[in-house]
Structures are given as C-alpha cells and as structure tokens.
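# What shape does this take:
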Amino acid sequence: MSAREDVLKYFREDRDFFKRTQAETDRNRKGDAEIFVLAANGEPLREFALEYRQTGHAYKFGTNVFMLDQFETEAKNALYRKTLTETFNLATLPCYWYAYEPEEGELRFKKDSRYIYRRPPVDATLDFCKEAGLEPKAHCLNYCYPEWAKKLTAKETRVALERWFKAMAERYRSKIPTFEVTNETLLYEGSAWATPFYEDDDYVEWSFQTARKHFPENRLMINEEWNALKLPRNNRNPYYMQIERILKNDPDAPIDEIGFQFHAFCEREGESELAKTMYNPEYITGILDLFARFGKPIQLTEMTVPAFFNEAEDEEVQAELIENLYRLFFSHRAMEGIVYWNLVDGYTAHAALGDMTRGENRYHGALMRFDMTKKPALKRLEGLFKKEWHSEGLIKNASGQAGFRGFAGDYELSVVKDGKKFESKFKLEKDGSSAVLRTGLEN
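Got it, this is the predicted structure:
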C-alpha cells in the first residue's frame, strides 16, 4: 500500500463494509411495489407482461450550481449544464445575503443583475433547475452579511434580516422547497457573521422562528461544518447539544432537517490523521446514529474529498474514497441526500478563476478537471446513480397483479398483452406503494 493509499485503510480493513451497506441499502432505500392490473371489463387482466423502469430517484444526489453560465467559454458553460442535467437531481443555489443585497435595497434576483463571480442571479439558477429537472435548494438565509449590514446594531440587524427573509419569501417560497436557515454557527473566526447580533443567545432560535413566519410551508434546514463535530460521538457533541437545546425549549421549533458539511480540507501531510475520523466508517456511522435520535432527515449538504494532484494514483484514491462514502451515506436510514460541493476544479471558493494554488482550488477536490474532463470519481458516481442504484425489469406471464422491489422514486410502467400496450406513471415509496391500472386491454 502506497503512502497515499494509506488513507483508504479504514474502509479496506472493514471486511463487512460492502455486505453491510448493501443490506442497509436494500432495507432503507427500496420499497415493494404492488400493481393491480384490470382489463377493459374491470376484471383482473390475465397473462400480461409488466415492464417497469425507474426514471427518477427519491434520494437526492446534488451539487451546487454556483458556476452557472460563468465559465470563460460557451463550450464549458454548455458542458457544465449537460453534466448537471445528466448526473444529479438536486441543485444548491447560492442565496448569500452579501451577494444578493450587496447594497442596501439592491436585490440581485433578476437575470440581468450585475455580475458577481460564483453568484449567478437566483432567477437564472431557478430557470435552469426547471429546465434540467433539478430540485432547487437555497443556501443560506442567515449567513455571510453584506458590508453595510456589519455596521448595524443587533436590533437593527434583526430588522434588516427579517426584511431580507421577507424579500426571499415573496419571490421564492413557492419555487424553492428547502431553505438552509443557519450555517456554521459553531465556528467563530471569520467575517461571515461578524456582527453584534451573532453574540445574542437566541441567534439560531430567532432565525428559525422568523424563517417559519415567512416560509410557512417550506422545509427549513440547520447546517453545520463537519470539522466542528469530530468528537465526541455522544450527546456532548456541540452540534447535538445545540439542536437538543432548541427542541427541548420548543418541541415545535421549525427545524425540519439537519445538514452536515463534509469538506475534508487539509494539507496532504495531514490526510492520514484526518482519515481516522472522516474516512472511517465506524466513526461516521456513530455520528449519523447520534443525530438520527432526533427523528429528522439528515442531508450531507457540502462534500469535498481532495485528490491534491492530477496524477492517476491521486485521482483513483479520491474516487475510491468518494464511492465508499456515498455507499455509507446512501445506506444509512436517516440520510436523505448527498450534495457534492464543486463540480469542476479551478472554479471554487477563495481563489481566482483557474488559480490552482489558492483557496479550495489547491485541493483538486472537484469531480471534473479544469479542462472539464471527468475524473474517475464522477464516473464511479454515475455508475452508482444510473446502474447499481437503479431499478428496471420485466415481469412475464402475470395475471391480475404483479410486484417488484425497487429503489424509491418515479417509474414508468408498461403493460403488454397480445401486442397491445398500456403505459402509466408510478411513484414507489421506500415503505412500499400500490397502484391499480385500468388498462382498457381485453382478456
């Protein structure tokens, strides 16, 4: 095993990993379909064939769309759109307060809004999501303040924030199902929240109460940075204690979902130490089991696994890590989705376009290279999404009813008898679903 491969040892030494995750995947991600098929006279149809094909996943596989139409060539813009459309079903939209109200009263929602790098107008990202069939999710309501807001008192900040929440709600609450409300509230350094309001005890509670007032029907998510969660894996975990306190004081607090970041940001020399937790299935499962106690869906909201370099070995190690992590997260009963953060190297945060020596670019942590060729990691994910975690089949010589077990999601059903066909849509829930098809076909 090479020095770089050493970070894979926790997965490779877990001899039951694949058997266990496959069993959990079957238990937690699949459901039983029961299809009752009727003839034209209302009686059970005899001796038919049923073909089923999955067209959409209930589980959310996503990435951010921060670079929509912002590449330096139209060819790259087109390939970015194509890859997003063909690979994912969820998109994280940038909705940072600082970028979408950079000057007080200037809301950058419309398509013709002024350019800000990695912050395309919200209307543009929403139009793309509708076109591509992606579910949009907003990141993040109370996070990253504009410079003008940093000068406000705590009381003034609450007024300005509620005005921002209201503006977002009036325009987007009917178009974006899920809003991340707070983000990284356990981290203190930096300027994202550097205001007097951040010091208030009810910072998180106020944010969710105010969000629910303006987003009464939307799913509201709390989000936190993974490195703040490393230890312990019990109820003294700071993120756990934060959520527990809020729910204890208000059992009806509008925290609908729990989000985790998973950025494995470190220097190459520190990767072996990081692997003890972030690339360790026992540790990760313990964290997920802990937060599953709340009985709320969990989503991995931001994921980055470094390759560090474009060498073949580095990219293969990245690919194996990502595949194993996806298998683990996908199989866990409480997880509802995974968002891989950046799709393309060279266009990430805290660095100029194409500068691979700075910011997040230096980790080479995206799924495509700067020239937009696919890394092995993306190819492996495509294999999981489109083949291994995909259900389709043909049931022959059925009479009256037919059943199958498949991944939860949307399906196309075709009933065929004597050369004639009846087609229908079907949604399979992970707890199982049934349908009655009145085909109009003759016995």
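# My guess is residue 4 contacts residue 314. True?
Yes. Look at residue 4 against residue 314 with C-beta atoms under 8 Å: they come within range, at 6.4 Å. Glycine gets a C-beta too; all of them are placed from N, C-alpha and C.
# Tell me where the stretch 201-350 of the chain has strands.
219-224, 257-263, 298-304, 335-340 (DSSP state E, counting those that start in this stretch).
# and if you look at the stretch 51-200 of the chain?
With strands called from DSSP E, counting those that start in this stretch, the stretch 51-200 of the chain shows them at 60-64, 90-94, 135-142, 178-183.
# Show me which residues of stretch 103-112 are buried.
Of the residues in stretch 103-112, 107-109 count as buried by neighbour count, 16 or more other C-beta atoms under 10 Å.
# Let me have those in a markdown table, adding pLDDT and distance to residue 131 as columns.
As requested, the buried residues of stretch 103-112 are arranged in a markdown table below (pLDDT from 0 to 100; distance: C-beta to C-beta, whole Å):
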| residue | pLDDT | distance to residue 131 |
| --- | --- | --- |
| 107 | 98 | 23 |
| 108 | 98 | 21 |
| 109 | 98 | 18 |
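# mind listing which of the residues you listed are in helices?
Residues of the buried residues of stretch 103-112 located in helices (DSSP state H): none.
# Nearest to residue 119 among the strands of the stretch 201-350 of the chain would be which one?
strand 298-304 (16.2 Å; C-beta to C-beta).
# Could you check how far residue 200 is from residue 443?
Here the criterion is C-beta to C-beta, to the nearest Å. By it, residue 200 lies 71 Å from residue 443.
# Same question for residue 255.
Counting by C-beta to C-beta - residue 255 and residue 443 are separated by 54 Å.
# and what of residue 172?
In terms of C-beta to C-beta, residue 172 sits 51 Å off from residue 443.
# Which one's more surrounded, the two?
residue 172 (20 against 15; other C-beta atoms under 10 Å).
# Now do the same for that one: its pLDDT.
pLDDT recorded at residue 172 is 98.
# now do the one 10 residues further on
For residue 182, the model assigns a pLDDT of 96.
# My read is that it contacts residue 139, right?
No. Using C-beta under 8 Å, residue 182 is not in contact with residue 139; the gap is 11.0 Å.
# overlap in contacts of those two?
Residues touching both residue 182 and residue 139 by C-beta atoms under 8 Å, 6 or more residues apart in numbering: residue 223.
# so where's the stretch 101-250 of the chain uncertain?
Residues of the stretch 101-250 of the chain that meet the criterion pLDDT under 70 lie in 188-193, 227-231.
# What segments of it are helices?
122-132, 154-172, 203-214, 238-249 (DSSP state H, counting those that start in this stretch).
# and the shortest one with strand 135-142, angle?
Translated: helix 122-132. Put simply, helix 122-132 runs at 160 degrees to strand 135-142, going by axes from the mean of the first three to the mean of the last three C-alpha atoms, to 10 degrees.
# Pull out the buried positions in helix 122-132.
Buried residues in helix 122-132 (16+ other C-beta under 10 Å): 122-126, 128-129, 132.
# Would you mind giving both backbone torsions of residue 358?
phi -130, psi 170 (degrees, to the nearest 10).
# Would you mind giving the buried residues of stretch 103-112 as JSON lines with distance to residue 176 added?
JSON lines is the format used below for the buried residues of stretch 103-112 (distance: C-beta to C-beta, whole Å):
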{"residue": "107", "distance to residue 176": "15"}
{"residue": "108", "distance to residue 176": "16"}
{"residue": "109", "distance to residue 176": "12"}
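# From those residues, pick the one nearest residue 278.
Using C-beta to C-beta, the buried residues of stretch 103-112 come closest to residue 278 at residue 108, 34.8 Å.
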